[in-house]
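Chemist: Structure for the following, please:
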Amino acid sequence: MIKLKILPPTLREKKRYIAFNLFSENQIKKDEIIVFLWNNLINLYGEIESSKINLWLINIKTIKNHRRYQYKCIIKCRRGYEKEMITSLSAITRYKNNRVVIHTLGTSGTIKSLDEKFNLL
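Modeler: Here you go, the predicted structure:
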């Protein structure tokens, strides 16, 4: 059996992590968050640019709030496309007649540094 070689770090795709708060009137499931992030990205940039951004949802943490539903999320995207991803996040206002607000907290090269800054995990 032939073992596949692992790509060296210099040939791997560089990535960035973006942390954001998501506020919603109604509860949203993780699968629904993924769907409306991708749909908004495709509507804004098209399928080819969206595939280059390489969006991936890493973590979601539900925060208890008596007035609304609040989630802290981390997403991964390709380095160099952070501005496009943040623009796409800020363009989201509704999902299925549910008002949604997204506040971007910051970006980083590692999940650990995002967790240290914003207490996300």
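Chemist: This protein: helices as residue ranges?
Modeler: 30-53, 82-90, 111-118 (DSSP state H).
Chemist: for residue 63, what are its contacts?
Modeler: Counting by CB atoms under 8 Å, 6 or more residues apart in numbering, residue 63 touches 70, 71, 72. Where C-beta positions appear, they are placed from N, C-alpha and C, glycine not excepted.
Chemist: Quick check: the closest residue in space to the first one that isn't next to it in sequence vs residue 57, distance?
Modeler: Counting by CB to CB, 6 or more residues apart in numbering, the nearest residue to residue 70 once its immediate chain neighbours are dropped is residue 63, at 4.2 Å. Residue 63 is 17 Å from residue 57, where distance means CB to CB, to the nearest Å.
Chemist: sorry, back to before: looking at the contacts of residue 63, which are in strands?
Modeler: 70, 71, 72 (DSSP state E).
Chemist: wouldn't the first one be in contact with residue 20 here?
Modeler: When you say that, I think you mean residue 70. No. In this structure, residue 70 is not within contact of residue 20 by CB atoms under 8 Å, at 11.2 Å.
Chemist: These two: which is more packed in?
Modeler: Ranked by neighbour count (other CB atoms under 10 Å), residue 70 and residue 20 place residue 20 first, with 21 against 15.
Chemist: Show the contacting residues for the closest residue to residue 103 other than its chain neighbours.
Modeler: The shortest distance from residue 103 to any non-neighbouring residue, by CB to CB, 6+ apart, is to residue 21 (4.6 Å). Contact partners of residue 21, counting by CB under 8 Å, 6+ apart, are 70, 71, 72, 73, 102, 103, 105.
Chemist: Please report the distance of the residue nearest the centre of the chain from residue 81.
Modeler: The chain has residue 75 as the residue nearest its centroid, 2.9 Å off, counting by CA atoms, centre = their mean. As defined by CB to CB, residue 75 lies at a distance of 11 Å from residue 81.
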